[in-house]
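In: Please work out how this folds:
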Amino acid sequence: MNRCALITLVVLAVLLAAPIRFLTTAKSGQGRANALSKPTVKVVDMAGRTVEIPAEVRKAACLDVLCYQKLLMLGVSDRAVMMYFTDAPWMPVADPNLERIPKIEGEPNLEDLLESGADVAFFAYDAKRTAKKLASIDVPGVVSQPQGKRARDIAGFVEETRRSVLLYGEVMGGEALLQAKAWCDYFDARVRYVTARTGPIPENRRPRVFYLRGPTSNHTQGVSGDTFWYGELAGGDMVVKNDTLAVKGPVSMEKIIEWNPDFVLVGRRYPVDMVLKDSRWSNTNAVKTGGVQPCPSGVFYWDGGLEGVLLMEWLAKKLHPDLFEDLDLVAEVKDFYLRFYRCALSDEQAGKLVAGLGPDGVRRRLYNN
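Out: Residues are numbered from 1 along each chain as shown. Predicted coordinates:
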C-alpha cells in the first residue's frame, strides 16, 4: 500500500470515529442540560454553604449516620438509596423495610452513588473533602451536621438542633417540612417541661455525671456533644466540661477519679460491667451508690440524633426522681415512636427500650465504634 492510500484510510477512520465521539459527548451534555432544566431551590446547609438542589428530591443518599433516622421521622425513608450501617437495636422494629436499603461502611464509593441515582447526598464527615468528591460527580451535597465552632450555651444548642432537623425538611420538601416543624415543636415543649423544674437547681445540688461512649470506659463525648447539653438540661453537672475534649475521645482515669462522678451513663449498648468490673472505678460515688446506668438506644443511639430529647427526660428522672414523679418514660417513648415513626410499641417493648435493652430483651454490642 502506497503512502497516499495509507493516509486516505487514516483520514476515513478518523471521520468515521468522529460522529460517534460527538454523539457520546452530545448525549452527556444533553443529560446535564436536562438536569439543569429541572426546577431547583437553594438551601443553606449546616456549614453555612448555599447549595442548589432539585426542587423535588426523590432519592437521597445518607452519607451521614444520623440521616436515615431523620428521613424515617419525616416519612420519606422510602427515598433513601444508601445509608451507613448501624447496630442501633430498635431501627428494624420502627422500619421493617430497612433491609431494602444498601448499607455502607467506611468511605462511600462514588460509582455506587452515581448508580443509585441520588438527587442529593447528606454528609457530615471530612466535609471539605467530601464536598469536592460529590461536586466531581455532579451530585449536590448538603452538610447535615454542624461544622467548626459549636454551640457555647444551651440556647445555642437548642437552635442548632432545631436547624439541623429543619434543614432535612427543607431539602425533602412538602409534608416532610411540616413534619420537621412538628418535631421542633415537640422538642421545644419537652425542653420547657424539663427545664422548668431543673433550671432553679443550684450548682451544688446537681449530680456529677460522666457519659461513657466507648469503646473503653474512659472514652466520652466532649462539650460539643449532645450528651453534654442534654445532661445540663436534665439538671446534671457534666464533668467533661472540666476537660479540653471537644468532640469525642478518651480522658485520663486520673481526671475521672478526681471528678468522682455520681452517675456514669453507659452508652452505645456497652455493658455496665465495663465500669463495675474495672477496679479503677471502684472508689467512685457512681459505683458505690448504684449510679452506673445503662443508657437506652433506639432507632439510633441516644447520644446523637432525634431521640436525644428522650435522653434528656430519662436522665432528668434518674438524677431528680422527686421532681419528675409524674414522668412516665414508657408512655413518653410510646408516644414518640407513634408520633414520629408511626410505630406502635407495646408497653413491654417500650419498657425494654427504656431499660437499655434490645427487642430480644438483651443488651448486646455487635461492634465497637
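
In: For the stretch 251-369 of the chain, which segments count as strands?
Out: 263-266, 292-294 (DSSP state E, counting those that start in this stretch).

In: looking at those, which is buried most?
Out: When the strands of the stretch 251-369 of the chain are scored by mean count of other CB atoms under 10 Å, the highest mean neighbour count falls to strand 263-266 (a mean of 26). For glycine as for every other residue, the C-beta is placed from the backbone atoms N, C-alpha and C.

In: circling back to that earlier point, turn the strands of the stretch 251-369 of the chain into CSV, including distance to residue 277.
Out: Shown next, in CSV, are the strands of the stretch 251-369 of the chain (distance: least, CB to CB, whole Å):
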stretch, distance to residue 277
strand 263-266, 12
strand 292-294, 11
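
In: Residue 343: which of those strands is closest?
Out: Between residue 343 and the strands of the stretch 251-369 of the chain, the shortest gap by CB to CB is with strand 292-294, which sits at 22.1 Å.

In: The closest one - contacts with which helices or strands?
Out: Taking 3 or more CB pairs under 8 Å, 6 or more residues apart in numbering; DSSP states H and E as the contact definition, the neighbouring helices and strands of strand 292-294 are strand 263-266.

In: So in that sheet, which strands flank the strand it packs on, and in what orientation?
Out: Taking DSSP bridges as the criterion, strand 263-266 pairs within the sheet with strand 208-212 (parallel), strand 292-294 (parallel).

In: Return the distance of that strand from the chain's centre.
Out: Averaged C-alpha coordinates place strand 263-266 at 21 Å from its chain's average position (CA atoms, centre = their mean, to the nearest Å).

In: Need the strands of the stretch 251-369 of the chain in a markdown table (columns: distance to residue 363 and mean pLDDT).
Out: As requested, those are arranged in a markdown table below (distance: least, CB to CB, whole Å; pLDDT from 0 to 100):
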| stretch | distance to residue 363 | mean pLDDT |
| --- | --- | --- |
| strand 263-266 | 9 | 98 |
| strand 292-294 | 6 | 98 |
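
In: Residue 347 - nearest residue in space that isn't next to it in sequence?
Out: Nearest in space to residue 347, with sequence neighbours left out and distances taken as CB to CB, 6 or more residues apart in numbering, is residue 330 at 6.0 Å.

In: Quick check, that neighbour in contact with residue 355.
Out: No. In this structure, residue 330 is not within contact of residue 355 by CB atoms under 8 Å, at 9.7 Å.

In: Same drill for these two, tell me which one is more crowded.
Out: The residue with more neighbours, out of residue 330 and residue 355, is residue 330; 18 against 13, by other CB atoms under 10 Å.

In: ok, the more buried one - contacts?
Out: Contact partners of residue 330, counting by CB atoms under 8 Å, 6 or more residues apart in numbering, are 347, 350, 351, 354.

In: Who wins on neighbours among those?
Out: Ranked by neighbour count under the definition other CB under 10 Å, the contacts of residue 330 are headed by residue 350 with 21 neighbours.
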